[in-house]
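**Student:** Sequence plus the predicted model coming up.
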Amino acid sequence: MTHSLVGLALGELVERALPAPRDAAHGSIRRRALLVTGLLASNFPDLDLVLTPLLPAPLGYLIHHRGHTHTLLYALPQVALLLALAWLLWPGARRLLHSDRSARRAVLGTALLGMVLHLCFDALNVYGVHPFHPFDSRWLYGDLVFIVEPVFWTALGTALALCARNPVLRRLALAFFAGMPLLFTLLGLLQWGSLAGLALVALLVAAAGLRGGPRAGLMAAMAACIGFVGIQAMAGQFARGEIRAALDQAAPGSRVLDIPLSSFPANPLCWSFATISVEAGGADYGVRVGVLSLAPRITPVANCPARFGGEPGAAAPNLAWKFSETGSLAGLRRLRQANCHLDAWLRFARAPSLLGGSATDLRFGAPGQPNFSTLPYAQRAGQPCPAPVAQWGYPRADLLGWNQATP
């Protein structure tokens, strides 16, 4: 939903930045062309889901989703495909692009920017992207916002609802984007403080839109999204400092390699995290999982929503360790060389857990709770190697003994 709202907001902003149309019919087709272009461009990179059957689960999804279509280089042929489809299948858009030079430039710019914004928003969370492949195939992680962030929905959805020209559609959209956070709160997915924050965002965006017009509402929504990302960036820095201090006590002498962070939705105070470290002595590695509250007097970790990593009943109010695993660095390297399925999986895994013959990325769940990243590598040891495997950089090249993300 986030990508769709971003694309629609982009189309509306571009439309309102153009000169007034020469007549109502021209204005209608131009606006629809820009909205559809923004919507499709902001979702096009996820067409890589059709490639997931190329490899057995879960490798198909892990390797090919957020894959080649999520790179700046491959955004260009996607833009060409999108514009070609519009030209071939939409006569009204074809006439517009043929006759109106400014509209032609606007549609092209919207398509390009929509693709780039998709990569930018995907880069904000713990999942990661590798936008500079094939020149640099390393994964990049923002670790800033929840992967399905309601702040973006609320801000952009409210602004777009006020742009709707049909009064019934406008009211329905406003009711939807107001009711959704309330439902999530009642289901225990959001805290009441998060709901209050989302209500404030909606009111501010709505006030801007009603006083200054739809464009002002869209600008206010953009400002709310950017401001929230800034708040999350500052909170994330504080979180990493506290986690490092806690790890120094939990594993004295260890050397921290990475701290993947996943914020809770609409909540800069609660953070799920993993730590990847080389243990004291240098022969073993450690992977640990925990949950942190930056304001334990306001929101102790026991009150952070359990669905996203909260720890009900935690003794300490500020940080709770939930899981710890250590393994031999030499053993991990031998296992990667001996098992091509695990080798492919390690091109995705950032917080690897290898227990009982199964590999799980602890960013997305505990070892005892299989998730979309879980690979039964021991069962597949004698099976043919998976192919084709994209040559993404290994997130844990540091554990594998390499100085670079790709050996």
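**Tutor:** Perfect, thanks for sending it.
**Student:** Show the residue spans covered by the helices in the stretch 301-407 of the chain.
**Tutor:** Here the stretch 301-407 of the chain has its helices, by DSSP state H, counting those that start in this stretch, at 329-338, 340-345.
**Student:** List the contacts of the last one.
**Tutor:** Residues from elsewhere that reach helix 340-345 (Cβ atoms under 8 Å, 6 or more residues apart in numbering): 55, 58-59, 62-63, 335-337, 354, 359, 375, 377, 380-381, 383, 385-386, 389. All C-beta atoms are positioned from the backbone trio N, CA, C, and that covers glycine.
**Student:** With the longest one instead?
**Tutor:** Among residues not part of helix 329-338, those counted as contacts by Cβ under 8 Å, 6+ apart are 278, 282-285, 342-343, 346, 352, 354, 381, 399-401.
**Student:** could you dump the residues you listed to JSON lines with neighbour count, distance to E242 and pLDDT?
**Tutor:** Converted to JSON lines, the contacts of helix 329-338 look like this (neighbours: other Cβ atoms under 10 Å; distance: Cβ to Cβ, whole Å; pLDDT from 0 to 100):
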{"residue": "V278", "neighbour count": "19", "distance to E242": "21", "pLDDT": "94"}
{"residue": "G282", "neighbour count": "11", "distance to E242": "25", "pLDDT": "90"}
{"residue": "A283", "neighbour count": "11", "distance to E242": "28", "pLDDT": "93"}
{"residue": "D284", "neighbour count": "17", "distance to E242": "24", "pLDDT": "95"}
{"residue": "Y285", "neighbour count": "23", "distance to E242": "22", "pLDDT": "96"}
{"residue": "L342", "neighbour count": "21", "distance to E242": "33", "pLDDT": "97"}
{"residue": "D343", "neighbour count": "18", "distance to E242": "35", "pLDDT": "96"}
{"residue": "L346", "neighbour count": "25", "distance to E242": "29", "pLDDT": "97"}
{"residue": "P352", "neighbour count": "26", "distance to E242": "24", "pLDDT": "95"}
{"residue": "L354", "neighbour count": "21", "distance to E242": "28", "pLDDT": "93"}
{"residue": "A381", "neighbour count": "14", "distance to E242": "40", "pLDDT": "90"}
{"residue": "L399", "neighbour count": "22", "distance to E242": "24", "pLDDT": "96"}
{"residue": "L400", "neighbour count": "16", "distance to E242": "29", "pLDDT": "94"}
{"residue": "G401", "neighbour count": "11", "distance to E242": "30", "pLDDT": "90"}
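**Student:** Need the max-distance pair from the residues you listed.
**Tutor:** G282 and A381 (28.2 Å; Cβ to Cβ).
**Student:** Figure out which of the helices of the stretch 301-407 of the chain is closest to F184.
**Tutor:** helix 340-345 (32.2 Å).
**Student:** quick one on the thing from earlier: inside strands: which ones of the contacts of helix 340-345?
**Tutor:** With strands defined by DSSP state E, the entries of the contacts of helix 340-345 inside them are 354, 359.
**Student:** Can you select the buried ones among the contacts of helix 340-345 for me in ChimeraX?
**Tutor:** Buried subset of the contacts of helix 340-345, written as a ChimeraX selection, criterion 16 or more other Cβ atoms under 10 Å:
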select :55,58,59,62,63,335,336,354,359,375,377,380,386,389
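**Student:** what comes up buried for the lengthiest helix in the chain?
**Tutor:** Longest helix in the chain, counting residues (DSSP state H): helix 214-250. Using 16+ other Cβ under 10 Å as the burial criterion, the residues of helix 214-250 that qualify are 214-222, 224-225, 228-229, 232, 235-236, 239-240, 242-243, 246-247, 250.
**Student:** what does stretch 40-60 give?
**Tutor:** Result for stretch 40-60 [16+ other Cβ under 10 Å]: buried residues 40-45, 48, 51-52, 55, 58-60.
**Student:** next one: stretch 354-366
**Tutor:** Buried residues in stretch 354-366, counted by 16+ other Cβ under 10 Å: 354, 358-365.
**Student:** which outside residues touch that stretch?
**Tutor:** By Cβ under 8 Å, 6+ apart, stretch 354-366 touches 126-127, 260, 262, 274, 287, 289, 322-323, 325, 327, 332, 335, 342, 345, 348-353, 367, 370-379.
**Student:** Now the buried members of those residues.
**Tutor:** 126-127, 260, 262, 274, 287, 289, 322, 325, 327, 332, 335, 342, 345, 348-353, 367, 373-375, 377-378.
**Student:** Give me the below-cutoff pLDDT ranges for the stretch 151-300 of the chain.
**Tutor:** Nowhere does the stretch 151-300 of the chain drop to pLDDT under 70.
**Student:** any idea where the helices of it begin and end?
**Tutor:** Going by DSSP H, counting those that start in this stretch, the stretch 151-300 of the chain shows helices at 167-186, 192-212, 214-250.
**Student:** could those helices be laid out in TSV, adding distance to L8?
**Tutor:** TSV is the format used below for the helices of the stretch 151-300 of the chain (distance: least, Cβ to Cβ, whole Å):
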stretch	distance to L8
helix 167-186	11
helix 192-212	14
helix 214-250	10
